[in-house]
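Undergrad: here is a sequence with its predicted model. Questions after.
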Amino acid sequence: MDLVFRALADATRRDIFQRVIGEGLSVSTLADDYEMSFAAVQKHVGVLERAALVTKERHGREQIVRGNLSTLRRAAALLDAFEEIWIGRATKIAEILGEKGSAT
Amino acid sequence: MTVISTTTDPAALNLTVVAEFAASPERVWAVWENPRQLERWWGPPTYPATFTRHDFEVGGESRYYMTGPEGDTPHGWWRMYMIDEPRRLEFANGLAGDDGEPVPGVEPMAAHVTFEPIEGGTRMTTVSKFVDEAQMEKMLAMGMSEGMTQAVSQIDGLLTSEAA
């Protein structure tokens, strides 16, 4: 997961990731929109790919990059479960604090 | 309302929960320090916790187990890293084996808790930091109620259909 965190710590990579969530885009299409070399964009895509945030697929001479939401989705669902646990804990603490004789 | 806000950061695997209580920071601190009070709220409703050890000092460790509806007793442990009474608490929380001792190879999660005096009470902020999804799943499997399992799969299903 550290890979995901590091991959998304960079503004260009966050931008690339967001653009390829809805539709697959070729590396050259992506590269057209950034003031950096094709190789640099390809490198960013590689970082996203290693974090399992995107997949790359070859179509003839083009490489199509697509967002892979399942990685973040799974993490979000797991965090939601822990959130439920903590809400339950806080509610119980409030009950304990509200009992007679517990005030200081 | 007790819980004021919750923030999840799936990329960093952090969870922040802010709660406010109508009691002094010293009193809220006591529900962490006193093992008899701690075990009344630490475990989920269907998995009440029993702390067999609670060395509430820097470097000190705790041992506990929870008793599930089927009589299963998952074990866990804490190690205290910072104690600044009644302001801040930092500890690791990990899984233990049937002997009650930490399971090697499973990283603990980190918890940072702050207590701030506010008008009429205390604001308690807990930040939980996880290492990876496998760790989160193992921690959740420990004393995770059926309802919570359902909640997770529902959320998963929802997100899957959204992406489709």
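TA: In hand now; what should we look at?

Undergrad: got phi/psi on residue B:106?
TA: Phi and psi for residue B:106, reported as degrees, to the nearest 10, are phi -110, psi 110.

Undergrad: wait, doesn't it sit right on residue B:94?
TA: Yes - at 6.4 Å, residue B:106 counts as touching residue B:94 under the criterion of Cβ atoms under 8 Å. For the C-beta atoms, the positions are set from N, CA and C on the backbone; glycine is no exception.

Undergrad: the two: which has the busier surroundings?
TA: Taking neighbours as other Cβ atoms under 10 Å in any protein chain shown, residue B:106 and residue B:94 compare with residue B:94 leading, 18 against 15.

Undergrad: looking at this, that one is in a strand?
TA: Yes - using DSSP: H, G, I helix; E, B strand; the rest coil, the assignment for residue B:94 is a strand.

Undergrad: quick one, helices of chain A?
TA: Defined through DSSP state H, the helices belonging to chain A, from first to last, are A:2-8, A:11-22, A:27-32, A:38-50, A:70-98.

Undergrad: buried deepest among those helices, which one?
TA: Ranked by mean neighbour count under mean count of other Cβ atoms under 10 Å in any protein chain shown, those are led by helix A:70-98, which reaches a mean of 19.

Undergrad: tell me how far that helix lies from the chain's centre.
TA: Taking Cα atoms, centre = their mean, to the nearest Å, one finds helix A:70-98 lying 20 Å from the centre of the chain it belongs to.

Undergrad: and it, what does it pack against?
TA: If you count contacts as 3 or more Cβ pairs under 8 Å, 6 or more residues apart in numbering or on different chains; DSSP states H and E, helix A:70-98 packs onto helix A:2-8, strand B:3-9, strand B:14-21, helix B:25-33, strand B:121-129, helix B:133-141, helix B:146-163.

Undergrad: so who does residue B:91 touch?
TA: Contacts for residue B:91 were tallied using Cβ atoms under 8 Å, 6 or more residues apart in numbering or on different chains; they are B:78, B:79, B:80, B:81, B:82, B:110, B:111.

Undergrad: so which of those residues also contact chain A?
TA: When the contacts of residue B:91 are filtered against chain A using Cβ under 8 Å from any Cβ of the partner chain, no residues are retained.

Undergrad: re the thing from before, for the helices of chain A, which has the smallest mean pLDDT value?
TA: Mean pLDDT per stretch puts helix A:2-8 lowest among the helices of chain A, at a mean of 75.

Undergrad: outside of it, which residues touch it?
TA: Contacting residues not belonging to helix A:2-8 are listed as A:13-14, A:17, A:47-48, A:50-53, A:71-72, A:75, B:11-13, B:131-132 [Cβ under 8 Å, 6+ apart].

Undergrad: that helix: how far from the chain's middle?
TA: Taking Cα atoms, centre = their mean, the mean C-alpha location of helix A:2-8 is offset from the chain mean by 8 Å.

Undergrad: with stretch B:135-142 instead?
TA: With Cα atoms, centre = their mean as the basis, stretch B:135-142 stands 12 Å off its chain's centre.

Undergrad: picking up where we left off before, as a markdown table, the helices of chain A with distance to residue B:64 would be great.
TA: A markdown table is the format used below for the helices of chain A (distance: least, Cβ to Cβ, whole Å):
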| stretch | distance to residue B:64 |
| --- | --- |
| helix A:2-8 | 28 |
| helix A:11-22 | 40 |
| helix A:27-32 | 50 |
| helix A:38-50 | 38 |
| helix A:70-98 | 14 |
